[in-house]
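> Structure, please.
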Amino acid sequence: MLYSLRRFIIITFLLAFSTSAFCQNDPVPEYLIAQPFPDSVQNVGIVTYDGKRISFSEMISGYKGKKVVIDMWASWCRDCIVGLPKLNELRRKTGEEHVVYLFLSVDANEEKWKNAISRFNIRGEHYRVEGAWKTPLSNYIALDWVPRYIVLSETGMIIMPKAIEASQINPKDLIVNE
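Residues are numbered from 1 along each chain as shown. I've put the predicted structure just below:
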């Protein structure tokens, strides 16, 4: 009986892990490429690091004229934290004159979000999505995994809708040709 239970638990765990591991490889919906965000996303509630509530459109509009790398992450996400050195390498290669690195957390708990920023010394612009993972934003971009990197053009259009590692972003695509 104990052997059967142990076997059941192991098989269940392996099945759950293998199923979730493939989620990050789901293809990006075609509608995301070279599109502005729809009104349903523009109106999603965002919390600034200092506690001010703004909309997604207000957050993005503050960076017009620069390319934006959005790092969707969470304090509980091991892959998010492990991926920070790759993101810092990308920042080093591109500089920050024409590129903004924006961290958009799907944490439900504000205290854990802020503690992770401090603990892991995450430099950048920090925001948290109201509603955490379950929002029109998550639905629109088909968020199936964090970290998720999204690159926006200088006008706020999506130019790279999905990367699961910062190393998948080509630094040359972020450098502005003046």
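> Please name the nearest non-neighbouring residue to the residue positioned nearest the centre of the chain.
Within the chain, one residue has its C-alpha closest to the average C-alpha position: by C-alpha atoms, centre = their mean, that is Met72, at 1.4 Å. Leaving out its chain neighbours, the residue that sits closest to Met72 by C-beta to C-beta, 6 or more residues apart in numbering is Arg148, at 4.3 Å. In short, each C-beta sits where N, CA and C put it, glycine included.
> quick one, what contacts that neighbour?
Applying C-beta atoms under 8 Å, 6 or more residues apart in numbering, one finds that Arg148 lies in contact with 71-72, 141, 162-164.
> Kindly recompute the last result at 10 Å.
Arg148 makes contact with 24, 70-73, 80, 104, 106, 138, 141-142, 161-164, according to C-beta atoms under 10 Å, 6 or more residues apart in numbering.
> Filter those down to the ones in strands?
70-73, 104, 161-163 (DSSP state E).
> picking up where we left off before, which of the contacts of Arg148 count as buried?
If you count burial by 16 or more other C-beta atoms under 10 Å, the buried members of these come out as 70-73, 80, 104, 106, 138, 141-142, 161-164.
> Out of the residues you listed, flag the one nearest to Leu87.
When the buried ones among the contacts of Arg148 are compared for distance to Leu87 (C-beta to C-beta), Asp71 comes out closest, at 6.3 Å.
> what about the residue nearest to the centre of the chain, distance to Lys172?
23 Å (C-beta to C-beta, to the nearest Å).
> Equivalent analysis for Thr48, please.
According to C-beta to C-beta, Thr48 and Lys172 sit 31 Å apart.
> And stretch 73-89, what's buried?
Using 16+ other C-beta under 10 Å as the test for burial, stretch 73-89 gives 73-75, 77, 80-81, 83-84, 86-88.
> Who are the contact partners of Asn115?
Here Asn115 is in contact with 75, 107, 109 (C-beta under 10 Å, 6+ apart).
> pLDDT score for it?
Asn115 is assigned 97 on the pLDDT scale.
> which SS class is it?
Per DSSP: H, G, I helix; E, B strand; the rest coil, the local secondary structure of Asn115 is helix.
> for stretch 36-49, the distance to its chain's centre please.
Shown here is stretch 36-49, whose average C-alpha point lies 14 Å from the average C-alpha point of the whole chain (C-alpha atoms, centre = their mean, to the nearest Å).
> now what about that stretch, what contacts it?
Applying C-beta under 10 Å, 6+ apart, the contact partners of stretch 36-49 are 31, 52-61, 103-105, 107, 110, 113-114, 117, 125-131, 135-141, 152-153, 155-158.
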